[in-house]
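> Predicted coordinates and the sequence they were generated for:
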Amino acid sequence: MCVTLGVYAVLYGVTAWRLHHLPLQSDSDTIRVFLRLKRACGIKGKIRLASGGGGMLGGLIHPTIVLPAERYGEDAAPILLHELIHYKYKDLWIATLLRLLTAVHWFNPIV
C-alpha cells in the first residue's frame with residue numbers, strides 16, 4: 001500500500017511540475033473560444049490553458065487544460081469542451097479517490 005501511494009505521489013508531482021512549465025496558450029482566438037465554452041458550461045473556477053502535448057486536463061490544485069500545439073481557435077473547441085466537461089464533473093477528483101481506494105484495497109479484486 002505504501003509503495004503504491006508513493007508511486008502515485010511521485011507521478012502526481014512530476015505531472016504537476018510538467019503542467020506548470022508548459023507555455024500558456026497565447027492565441028487570442030483560442031482563448032476567446034475557451035472563455036466562451038467555459039461560460040456556456042457554467043464554470044467559474046480558474047483553469048489554466050496551456051499548449052503542447054496532447055489534449056488533456058490535469059492538476060488537482062491548479063487545473064490546466066493542455067491543447068495540442070497544432071490546434072487553434074474553433075479547431076480546438078471539441079477538445080476544450082471535452083476537457084471542460086471533465087472539469088465540471090470533477091473527474092480529476094474522482095480519479096484520485098479511485099487511486100487512493102485502489103492503493104488501500106489493493107488485495108480486493110472488486111476494487
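Happy to help now that I have it.
> need the longest helix for this protein.
What stands out as the longest helix in the chain, according to DSSP state H, is helix 2-20.
> elements contacting that helix?
Here helix 2-20 is seen to pack against strand 56-58, strand 64-67, helix 91-104 when contacts are counted using 3 or more CB pairs under 8 Å, 6 or more residues apart in numbering; DSSP states H and E. All C-beta atoms are positioned from the backbone trio N, CA, C, and that covers glycine.
> try it again with 10 Å
Under the contact criterion of 3 or more CB pairs under 10 Å, 6 or more residues apart in numbering; DSSP states H and E, the helices and strands touching helix 2-20 comprise strand 48-51, strand 56-58, strand 64-67, helix 91-104.
> which other residues reach the first one?
Same thing as strand 48-51. Residues lying outside strand 48-51 but in contact with it, judged by CB atoms under 10 Å, 6 or more residues apart in numbering, are 18-27, 30-31, 34-35, 38, 56, 58-59, 62-72, 76, 80, 83.
> Next up, the contacts around Ser28.
Residues counted as contacts of Ser28 (CB under 10 Å, 6+ apart) are 72-73.
> Per-residue pLDDT of it, please?
Ser28 carries a pLDDT score of 94 in this model.
> In ChimeraX, select just the buried ones from the contacts of strand 48-51.
Here is the ChimeraX command that selects the buried residues among the contacts of strand 48-51 (16 or more other CB atoms under 10 Å):
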select :18,19,22,25,27,30,34,38,56,58,59,63,64,65,66,67,71,72,76,80,83
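> And for Arg48, the neighbour number?
Using other CB atoms under 10 Å as the criterion, Arg48 is surrounded by 16 other residues.
> repeat for Ala50
Residues contacting Ala50 under the criterion other CB under 10 Å number 20.
> Same question for Arg39.
The criterion is other CB under 10 Å. On that basis, Arg39 has 10 neighbouring residues.
> got the contact list for it?
Applying CB under 10 Å, 6+ apart to Arg39 gives no contacts.
> And it, its phi and psi?
Dihedral pair for Arg39: phi -70, psi -40, per degrees, to the nearest 10.
> Next, find the distance separating it from Tyr87.
For Arg39, the distance to Tyr87 under the criterion CB to CB, to the nearest Å works out to 13 Å.
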